[in-house]
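Q: Next one to model:
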Amino acid sequence: ADLLACLPPELRARAPTVAKIAVGMSGAGVYRVEAGGRAYVLKCASERDSVATWRARLHVQQAAGRAGVAPRVVHADEARRAIVSELVVDRSFPAFYGNPTTRDAAIEHLPSALRAVPALPVPDGVAPADMRAFLQKVWSGLAGFAVPAFAADVVRRLLDESPPPAERAPVMSHNDANPSNLVFDGARVLLLDWDTAGPNDPFYDLAAVAVFLRMDDATCARLIALHDGAPLAAVPARFAYQRRFIAGLCGAMFLHLARVAGHAGAGGADTLDAAPTLGECHQQMRAGALDLATGPGRVRFGLALLRASAEFAA
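A: A predicted model of the protein is given here:
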């Protein structure tokens, strides 16, 4: 594809440079564009995506940009299914949260972003996500792939148990609020990659953040209280369920991605206690010893998430 043709005329006139950043899990190509002393992100949808799907994602991203919870969209090319948005310089929210001297401030920054997402318009014809059906599909796709007994037990429990009743109606959710999609510019937390956005449980995004930032129950209760603007004595059962479910779902997804990458299996004899923890994985990623772009890295992180789900249930 002619990437320069995806840019608006005013950027093409400024002798832009285009460099690949990544290929998303959806197959989309993501590029950094430098033009006229400013930086942008160009995202070209996968050829598998229909124009209707691309258009719905565009409308969500535009609305999120106007609400100040996503980088602002500056150009959209429907014929090429391309979106150009402002590049936000990331100062690392995980580092901001991980520093004990700034953790309180970090927690106070999160709710303003997550609280704005439910107010975004739901695209026409988009129904609430059936995450249990999605987990079943992912797990079925792992048939024949070696997984530890504890991992299978985690997923089986999630699929068999009845979730606590929902006390709140579904709302617009980002649905992938992991740290790689959180950008901190020093003043605001913004969310990237809105491809999976849609109606979901109001606790879903909050629980996802809690899983990946390894928040304890007291921190989770504080996050929910700040989000809702009301004091909270304990973590609600529905939130606890979503936190456990998300850890299990994401763990299964990373095992699936490892299989796609050609990995032979996750080691069926591994026990829960022998599996890595999320904390250990984060330390290894910071040290460059764990790469989530590789099959072994995906297996290790997937097992850590499944272990976290099991420990949440304990």
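
Q: can you list the weak-confidence ranges in the protein?
A: 1, 23-28, 268-269 (pLDDT under 70).

Q: now the strands: where do they sit in it?
A: 17-23, 29-35, 38-44, 73-77, 82-86, 171-173, 182-184, 189-191, 198-200 (DSSP state E).

Q: Please name whichever of those strands is nearest to Leu223.
A: Leu223 sits nearest to strand 189-191 of all the strands of the chain, at 12.2 Å, using Cβ to Cβ. (Glycine included, C-beta is placed from N, CA and C.)

Q: what lines up beside the closest one in the sheet?
A: Strand 189-191 has the following sheet partners, assigned by DSSP bridges: strand 182-184 (antiparallel).

Q: List the contacts of the strand it pairs with.
A: 71, 88, 90-94, 96, 109, 189-192, 209 (Cβ atoms under 8 Å, 6 or more residues apart in numbering).

Q: got the CA positions of stretch 209-225 in CSV?
A: What follows is stretch 209-225, C-alpha atoms only, in CSV (Å, rounded to 0.1, in the frame of the first residue of the first chain):
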residue,chain,number,x,y,z
VAL,A,209,-6.4,-2.2,34.9
ALA,A,210,-6.4,-3.8,38.3
VAL,A,211,-5.2,-7.1,36.9
PHE,A,212,-2.3,-5.8,34.8
LEU,A,213,-1.2,-3.2,37.5
ARG,A,214,-1.4,-6.0,40.1
MET,A,215,-3.6,-3.9,42.5
ASP,A,216,-4.5,-5.4,45.8
ASP,A,217,-8.1,-5.3,47.2
ALA,A,218,-7.6,-2.0,49.1
THR,A,219,-6.2,-0.3,46.0
CYS,A,220,-9.1,-1.7,43.9
ALA,A,221,-11.6,-0.4,46.4
ARG,A,222,-10.0,3.0,46.2
LEU,A,223,-10.0,3.0,42.4
ILE,A,224,-13.7,2.1,42.3
ALA,A,225,-14.6,4.8,44.9
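
Q: for it, the distance to its chain's centre please.
A: Between the centre of stretch 209-225 and the centre of its chain there are 16 Å (Cα atoms, centre = their mean, to the nearest Å).

Q: For it, give me every contacting residue.
A: Contacts of stretch 209-225 (Cβ under 8 Å, 6+ apart): 94, 97, 107, 110-111, 114, 177-179, 182, 203, 206, 231-236, 239, 243, 246-247, 250, 278-279, 282, 305, 308.

Q: how about the nearest residue to Thr17, chain neighbours excluded?
A: Glu34 (4.7 Å; Cβ to Cβ, 6 or more residues apart in numbering).

Q: does the one you found really touch Pro16, like I thought?
A: Yes - assessed by Cβ atoms under 8 Å, Glu34 is found in contact with Pro16 at 6.3 Å.

Q: which among the contacts of stretch 209-225 end up buried?
A: Buried by 16 or more other Cβ atoms under 10 Å: 94, 97, 107, 110-111, 114, 177, 179, 182, 203, 206, 232, 235-236, 239, 243, 246-247, 250, 278, 282, 305, 308, out of those.

Q: mind listing which of these are in helices?
A: Counting by DSSP state H, the part of those found in helices is 94, 97, 107, 110-111, 114, 206, 239, 243, 246-247, 250, 278, 282, 305, 308.

Q: Tell me the one of the residues you listed nearest Asp77?
A: Using Cβ to Cβ, these come closest to Asp77 at Leu114, 30.2 Å.

Q: gap between the closest one and Gln136?
A: The spacing between Leu114 and Gln136, counted by Cβ to Cβ, to the nearest Å, is 27 Å.

Q: With Leu182 instead?
A: Distance from Leu182 to Gln136, by Cβ to Cβ: 28 Å.

Q: Next: Ala233.
A: 34 Å.

Q: and the residue lying closest to Met253 once chain neighbours are set aside, how many residues sit next to it?
A: The shortest distance from Met253 to any non-neighbouring residue, by Cβ to Cβ, 6+ apart, is to Val138 (5.7 Å). Val138 has 19 neighbours, counted by other Cβ atoms under 10 Å.

Q: And for the closest residue to Val84 other than its chain neighbours, the neighbour number?
A: Distances taken as Cβ to Cβ, 6+ apart place His75 nearest to Val84, at 4.0 Å, with adjacent residues excluded. For His75, the count of nearby residues is 16 (other Cβ under 10 Å).

Q: is it true that His75 touches Pro8?
A: Yes - here His75 reaches Pro8: they are 4.2 Å apart, a contact under Cβ under 8 Å.

Q: Need the overlap of contacts for those two.
A: In contact with both His75 and Pro8: Val84, using Cβ under 8 Å, 6+ apart.

Q: Give the buried residues for stretch 111-122.
A: 111, 113-118, 120, 122.
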